[in-house]
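Peer 1: just a sequence and a predicted model for now, questions to come.
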Amino acid sequence: MYEPKKSSAQHAAHAKPKAKPSSASRSVPVRKTAGTVKFDTKPVGRLAPQQGRAVSGSKKVRKKSRHSVAVQILSVLVSMVMCIVSVLMVYFGVVLSRVRSETIVTSGVDLSGIGSGIDLPGLDPGVNEPQATSDITNILLIGVDTRSTTSFSGLSDSMIVMSINRIHKEIRLLSFLRDTYVRIPTKNGIVQNKMNAAYATGGFQRLADTFKLNFGLTLDKYIVVNFTGLADIVDAVGGLDVPISEAESHYIALKPGTYAPPDPHVQRTGDMTHLTGFQTVEYARIRHLDSDFVRTQRQQTVLNLLFNKVKTQSLPTIQSVLNTTLKYVSTNMTEGELVSLAITGFSEYSKYKVVTGYHVPEDGDWHDVMDPKAGDIVVLNNPTATAKKMLAYLYS
């Protein structure tokens, strides 16, 4: 019997329902565009989170790998720096261990009977040194005028406070005139004498006590330099170019064993004249041409020129200078303090500006007196005013 064909709607009504595919076996969606069919390659279902976790894990691995390499590089760099610092400290420790400690032989200078008719007043109670700070370090440089290269005893003809000011990045030099008439503390009381007699009769401690009593300045550290050895130190850097005047040139002998005048003297060559170590010391010692004030300025000039010359030298030359210098230096600084000063000096202080020209007393703050025993002495007009100005210079 003929049966009519079923419509598509009827087929659909009688067809068995198909099982719903699981999310894991779903077909890939199809995107239809004009004239083409493209398969969507984006992950579907639960595959997306799983693939996402795999990508995230690989990123973490790469990050950990880069972090590990960075840590290794940093560790190597730190180790290298520590090795270099250790080598430097050992080197400076060995070299600086040769620095001599102070040995003072009193010169027999009579501390009494000089300027007995002058009564020096003490400092007013209002003179107070600023509170100690790690930003400022004051070291007393003492130049002993002795003809022996192994002696550190005698009159302190040069007294310069080297103030390292880390706030202003400066090294300030402050000279004290050797003929300044001061009160000197002794076991038997206070006596009055020239300032350069304090070190000769009682070493650094008596000189430090004299600074505190007359200027209110506390000095704990010092370096003594033998003037005769200064010639070898200057020669170690190849001499210095010094701005000498024509008048000064007549007081600078050409070589050791000669004395100018009357022996032949150095010839001035323009604004700067090259001087050997011996000639540089002759320049710093000039005392009969003008005054003690100008003499202290010459000494500051030599220190400044020497400082600037050393910091431009090569490491082998600096090592040679250091080895030469230590033979003529005595100090109460510990080995650790010297190592710290040397390392910081090369890395930091060599960039500081050196300020010169200040001396105590200043012009107009003193008057000259002729003493029958000591000759010319410098008497302060107002010790308290002088001390206040000096402290302001150091700590401003």
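Peer 2: Nice, I can see it.

Peer 1: Ile190 pairs with what?
Peer 2: The partner list for Ile190 in beta bridges (DSSP bridges) reads Pro185.

Peer 1: residues near it, how many?
Peer 2: 15 (other CB atoms under 10 Å). The way it works is simple: take the backbone N, C-alpha and C, and place the C-beta from them, glycine included.

Peer 1: and the closest residue in space to Thr280 that isn't next to it in sequence, what element?
Peer 2: Using CB to CB, 6 or more residues apart in numbering and skipping residues adjacent in sequence, the residue nearest Thr280 is Val234, 4.7 Å away. Per DSSP states H and E, Val234 falls inside helix 227-236.

Peer 1: tell me what that helix is packed against?
Peer 2: In this structure, helix 227-236 makes packing contacts with strand 136-144, helix 277-285, helix 292-310, helix 315-325, judged by 3 or more CB pairs under 8 Å, 6 or more residues apart in numbering; DSSP states H and E.

Peer 1: list the contacts for the closest residue to Lys255 other than its chain neighbours?
Peer 2: Distances taken as CB to CB, 6+ apart put Phe278 closest to Lys255, at 6.6 Å, once the chain neighbours are dropped. By CB atoms under 8 Å, 6 or more residues apart in numbering, the residues touching Phe278 are 231, 253, 255-256.

Peer 1: for ChimeraX, write the select line for the buried members of those residues.
Peer 2: To isolate the buried members of these in ChimeraX, using 16 or more other CB atoms under 10 Å:
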select :231,253
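
Peer 1: which ones among the contacts of Phe278 map onto helices?
Peer 2: Within the contacts of Phe278, residues falling in helices by DSSP state H are Ala231.

Peer 1: separation between the residue nearest to Thr280 and Ser245?
Peer 2: Taking CB to CB, to the nearest Å as the measure, Val234 falls 19 Å from Ser245.

Peer 1: and those two? Which one has more around it.
Peer 2: Val234 (26 against 11).

Peer 1: surely that one meets Gly277?
Peer 2: Yes - contact between Val234 and Gly277 holds when scored by CB atoms under 8 Å: they sit 3.7 Å apart.

Peer 1: any chance of the contacts of Phe278 in CSV, plus pLDDT?
Peer 2: Below are the contacts of Phe278 laid out as CSV (pLDDT from 0 to 100):
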residue, pLDDT
Ala231, 89
Ala253, 92
Lys255, 88
Pro256, 86
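
Peer 1: in the contacts of Phe278, find the pair that's most separated.
Peer 2: Ala231 and Ala253 (11.9 Å; CB to CB).
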